[in-house]
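Trainee: pasting the sequence and the predicted model now:
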Amino acid sequence: MTRLTGRALRVTVLVGESDLWHHRPLYTEIVGRARGAGLAGASVFRGIEGFGASSLIHTQRLLSLDEDLPVAVVIVDTEEKVRAFLPLLDELVEEGLVILDACEVVRHVGRRRAA
């Protein structure tokens, strides 16, 4: 298991919930590739409302039939590993937003496995 503390880089990928990569949710593909690349971790967060470059509002309001809610995939690791991962994101993300932020990891601890 990778332990991570100190200076790090956070990449946030904002896409639509209905965005696909070869018939699979795009966010699932991004998380799978992040894991395959040995990155420290990735999480997916579903938004309740938002808009992007198209300026179309996507919402989960009761009267809306829109199912393309915003999704944020957040990945944190060392700057070297995150920057090495960016070309994979460039291949996957055809529409959306990719953001890089410097951050500091204070605690990164996994679950203990039962013996």
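Mentor: All right, it came through fine.
Trainee: please, which helix or strand holds the residue nearest to the spatial centre of the chain?
Mentor: The centre of the chain sits closest to residue 73, judged by CA atoms, centre = their mean, with a distance of 1.6 Å. Residue 73 belongs to strand 70-77 when assigned by DSSP states H and E.
Trainee: now for that strand, which elements pack on it?
Mentor: strand 6-16, helix 26-36, strand 42-46, helix 79-92 (3 or more CB pairs under 8 Å, 6 or more residues apart in numbering; DSSP states H and E). All C-beta spots, glycine's among them, are computed from the backbone N, C-alpha and C.
Trainee: circling back: so the nearest residue to the residue nearest to the centre of the chain once chain neighbours are set aside bridges to which residues?
Mentor: Of all residues not flanking residue 73 in the chain, residue 13 sits nearest, at 4.3 Å (CB to CB, 6 or more residues apart in numbering). Residue 13 has the following beta-bridge partners by DSSP bridges: residue 73, residue 98.
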